[in-house]
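1. Generate coordinates for the sequence data below:
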Amino acid sequence: MQFINWNIQRKWLNKLYTYLKSMKNYLILFLSFLIIGCAEIVTRPPITQYNPQKHARIRVILEREKGEQRQSYTNFKVVENGKYKEYGFKVFLLDGYVADKEIISLGMPNKPKLYKKYAEKSYREFIIPAESEVILPNTKSIYCDEAWFFKTCYEHVSSSKFVAHAGKDYEIINSYHVYEILNEQESKEIERNSESLGSRRIP
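-> Reported below is the predicted structural model:
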């Protein structure tokens, strides 16, 4: 029967555990720096002088649901100098609380009558470089296949984006619908390029 030195094995396992734990901390630190380096939340318009030949304008809306503390908001991202910039409201991730609800207007036309109720909420307008690719928040949809005995459901995640053209005004509703504001009375929904990010089975 082979003799096993349990003290040596215990010591080796303790070293392995310490090493793996330290690597985990380094990985978390690395990912934190990566996220910070690649994303930036812009809550105040960095550009305030609008030039219709060089810029486009986008309105971001913050809406409190009736009878709820939860708030619905629509931020968007733009790639500038190789980095993602997120425009909109800064939200505390733990409870979804928005501390700063200031309205910032940069002269976009008043909202068409159909969407007037959104103008009564907090909103911010941003000026971005023309021909920028605007990336909308990911959307999730759930679909189920019907079976005789078991029903299997899947969650599908997709992203969408559009190009903001010079001299155009846009408004994003519910993180999905994008409207070009033509004037104070008219707007039209524009097409977006959608991309599937995959599906997962819901337990």
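
2. For the rest of this, base every contact and every neighbour count on C-alpha atoms.
-> Noted.

3. Can you give me the neighbour number for the nearest residue to Glu155 once chain neighbours are set aside?
-> Nearest in space to Glu155, with sequence neighbours left out and distances taken as Cα to Cα, 6 or more residues apart in numbering, is Ile142 at 4.5 Å. Ile142 is surrounded by 13 other residues when neighbours are defined as other Cα atoms under 10 Å.

4. okay, Ile142: pLDDT?
-> Per-residue confidence (pLDDT) for Ile142: 79.

5. Could you list the residues in contact with the host helix or strand of it?
-> Element membership of Ile142, judged by DSSP states H and E, is strand 139-145. Taking contacts as Cα atoms under 8 Å, 6 or more residues apart in numbering, the residues outside strand 139-145 that touch it are 151-159, 175-176.

6. Enumerate the positions of the helix or strand following that strand that are buried.
-> The C-terminal neighbour of strand 139-145 among helices and strands, as given by DSSP H and E, is strand 152-164. Of the residues in strand 152-164, those buried by neighbour count under the rule 16 or more other Cα atoms under 10 Å are 156-164.

7. Same question for stretch 127-138.
-> By neighbour count, and taking 16+ other Cα under 10 Å as the criterion, the buried residues in stretch 127-138 are 127-130, 132-137.

8. and the end-to-end length of it?
-> Looking at stretch 127-138, the gap from its leading to its trailing residue is 22 Å under the measure Cα to Cα, to the nearest Å.

9. re the thing from before, run the angle between the strand holding Ile142 and strand 152-164 for me.
-> Here the directions of strand 139-145 and strand 152-164 differ by 150 degrees (axes from the mean of the first three to the mean of the last three Cα atoms, to 10 degrees).

10. in its sheet, what does strand 139-145 sit against?
-> strand 152-164 (antiparallel) (DSSP bridges).

11. Mind exporting the C-alpha coordinates of the strand it pairs with to CSV?
-> Output in CSV follows, covering the C-alpha atoms of strand 152-164 (Å, rounded to 0.1, in the frame of the first residue of the first chain):
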residue,chain,number,x,y,z
THR,A,152,-40.2,24.6,-23.7
CYS,A,153,-39.5,28.4,-23.6
TYR,A,154,-36.5,30.3,-24.9
GLU,A,155,-35.3,33.9,-24.3
HIS,A,156,-34.0,35.6,-27.4
VAL,A,157,-31.7,38.7,-27.2
SER,A,158,-31.2,41.0,-30.1
SER,A,159,-29.7,44.4,-30.7
SER,A,160,-30.5,47.1,-33.2
LYS,A,161,-28.9,50.3,-34.5
PHE,A,162,-29.4,53.0,-37.1
VAL,A,163,-27.4,55.8,-38.6
ALA,A,164,-28.2,59.4,-37.5
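
12. Among the buried residues of stretch 127-138, which are located in strands?
-> Per DSSP state E, strands hold the following members of those: 127-129, 132-135.

13. picking that back up, which one among the buried residues of strand 152-164 gets closest to Ile58?
-> Relative to Ile58, the closest of the buried residues of strand 152-164 is Ala164; by Cα to Cα it sits at 8.6 Å.
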